[in-house]
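[1] no FASTA, just this:
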């Protein structure tokens, strides 16, 4: 089967509509729930070997010895890669690779920089033999003291944060703003390191054929990654074929290259046999990215009417000892609230940890958690309802720049969310509500916001003589339902029912679908598919108008519209021609068109582009034990044109569930003595299960955006996190009278909250 044909996704048999805007069921759903979806590690080419990397058990120091002889003597072990025998790479792994490249550990020396750093790779005939061989290496170390937190990390001035953002942004006179304030509230907030824990761990099956390599791997950026792997191995980009038809989650970590996968590909070339590497759950903690910890300070100035006079947001963001990716947390304060003076600043903190990277709302998740609690504290100081306080500081234009928003229906989000939740009945003071069982009840809210990026993308659309179509782009569906939504966009552009549109994706040899990240994939790849479809229809129309046998002959100046597999004369439905007849008369089996999609730089420069929302949370707290449960969540979100409401609600629910995780459960517990993560599994690294998830509602607030892109589509994947964390924390205060300023909120924080809680 040729690579391009390896990932066709057929239309479902159960349908709930026929066009963009309809809640169609997922095209890949049946394959996934029946176990017929093929993930990377499910591939077993003939002659395949198994690779297991040995990870460092220390956080800082050097490897002094490895018992390579014992490992190679184990039955089934074929080779052991160490710094002593690792073949060279064409690209220096200690140099960054633009635009999203990180420095990686690929056995370039004996230096250890974090726990779980690869220190050797064992390749064997079986997984069991490779695992045993890795255990027999018995590494010895010289150990240096690990730097694990703010108390012993190395602070440094940041050159940039996130992916190329400046470390400092200032609007207005911050000191004058605070001097004019009637009240100033200031507090410190802490967010922990969090680790990507997608259901599918990172994996790769690498098979070389001369200087060409095929990689079965979960990957969020196929074309970009193919070029990067090509650079590491000194081959043309077209010689790298990445197949990634199904991903079991990504959250940002699978958009980046990592050391273990590079080593497995290198071993496959070295041994001239296919090699499979699949990380264990414990190995996910270290070499494949995570969300870095932050220590944030917010200072908020308000006047007598509760309006902001100054907002200063400062973040210390953790990174590794050898690379710079800083969580851009403070930037969450830039786009949301109207203040004449805003200052955001970032500082770096070097720790002996793997390098952080983009993780589900990077910067916005951590930063909004602190910002929304700080705004709640400022509202309390002003004696104002939290919603009224936010409305009083509603930004009509982008704060600081004054640019108009491409669209902003945040007021509607506030209104619809509050009405559905019943916010009007909320008492202003804390500790005023209990349920029938005596539990303390609290209501809190938070504003949600996320930018609307656009990535360059390409697509191809092919109309067939049988009245069907094939659309292709190397897009990625990591669980968000992108392939369903993208097929709907293409079907609409082609004027066909989605049942008649075959969709191919997940292969790097197809036209580049851009990056599945930043909540920009549907807008980017979708616009490319839309443009390709329109180009195909234009070519088909030209055929018909030039054909004397067509009812549309000679109507070129009037134009046509496409629907239901036919071209209709614009404003005259009595004259039409079917796609099949047009192609048949032209002697064509098919007609193909390609297109690219990019945002107009002038439009982008002239507008601020964001999705918005509001989340309302109810919590219940045990008055004796301090245990917290989220009992209700209502989110109202405005994200431009909605392609598939069913999928969008699923994404909003997922974001709000992640918000529960961030607020109450998720933390990587690090041993300060050794730098080891003590809960590097899914038993102790807590994320919500069904019993933790309350009744939730996601309201889709209508919004028309004529500027964000020609489709009017914004992103929905990450915005649900950004309002939820603060909403839950604020609800905890409303229930208990205790302000929690570190996440996740712990029982001991509530119990140690002083007499205010004990009196409750």
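    That came in fine, so what should we check first? What you are looking at is a predicted structure, and each value in this text was computed from that prediction instead of being measured. Numbering: from 1, shown residues only.

[2] Tell me how far the residue nearest to residue 645 when sequence neighbours are not counted lies from residue 648.
    Using C-beta to C-beta, 6 or more residues apart in numbering and skipping the chain neighbours, the partner closest in space to residue 645 is residue 23 (4.8 Å). Placement of C-beta: from N, CA and C, glycine included. Distance of residue 23 to residue 648, given as C-beta to C-beta, to the nearest Å: 9 Å.

[3] So for those two, which residue has more residues nearby?
    residue 648 (22 against 16; other C-beta atoms under 10 Å).

[4] and the residue nearest to residue 359 when sequence neighbours are not counted, what are its phi and psi?
    Sequence neighbours aside, residue 291 is the residue nearest to residue 359 in space, at 4.0 Å (criterion: C-beta to C-beta, 6+ apart). Backbone torsions of residue 291, given as degrees, to the nearest 10, read phi -90, psi 120.

[5] same check, this time on residue 156
    Torsion angles, degrees, to the nearest 10, at residue 156: phi -150, psi 160.

[6] which ones are touching it?
    Residue 156 sits next to 347-350 when contact means C-beta atoms under 8 Å, 6 or more residues apart in numbering.

[7] with the residues you listed in mind, which one is nearest to residue 418?
    residue 347 (37.0 Å; C-beta to C-beta).

[8] What about that closest one? Give its phi and psi, please.
    Dihedral angles for residue 347 - degrees, to the nearest 10 - are phi -130, psi 150.

[9] Pull the contacting residues for it.
    With C-beta under 8 Å, 6+ apart, residue 347 has these contacts: 155-158, 167, 314-317.

[10] which of the residues you listed count as buried?
    Using 16 or more other C-beta atoms under 10 Å as the burial test, these include 158, 167, 314-317 as buried.

[11] Turn those residues into a markdown table, columns for pLDDT.
    Formatted as a markdown table, the buried ones among the contacts of residue 347 follow (pLDDT from 0 to 100):
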| residue | pLDDT |
| --- | --- |
| 158 | 95 |
| 167 | 98 |
| 314 | 98 |
| 315 | 98 |
| 316 | 98 |
| 317 | 98 |
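
[12] Give me the next element, helix or strand, following the longest helix belonging to the chain.
    Determined from DSSP state H, the single longest helix within the chain is helix 521-545. Following helix 521-545 in sequence order, the next helix or strand is strand 560-563 (DSSP states H and E).

[13] What helices and strands are in contact with that next one?
    In terms of contacts (3 or more C-beta pairs under 8 Å, 6 or more residues apart in numbering; DSSP states H and E), strand 560-563 is packed against helix 521-545, strand 566-569.

[14] gap between that strand and the chain center?
    36 Å (C-alpha atoms, centre = their mean, to the nearest Å).

[15] likewise stretch 363-381?
    Counting by C-alpha atoms, centre = their mean, stretch 363-381 comes out at 22 Å from the chain centroid.

[16] So which bits of it are buried?
    Quick answer for stretch 363-381 (16+ other C-beta under 10 Å): 363-381.

[17] can you check stretch 57-77 too?
    57-63, 66, 68, 71-72, 74, 76-77.

[18] Ok, stretch 742-758 next?
    742-745, 749-750, 753, 757.

[19] before we move on, the earlier item: from residue 643, how far out is the residue nearest to residue 645?
    10 Å.

[20] got it, and residue 445?
    Taking C-beta to C-beta, one finds residue 445 at 28 Å from residue 643.

[21] Need the nearest residue in space to residue 332, chain neighbours excluded.
    residue 367 (2.8 Å).

[22] got the contact list for residue 213?
    Going by C-beta under 8 Å, 6+ apart, residue 213 touches 206-207, 229, 233, 235, 239-241, 265, 268-269.
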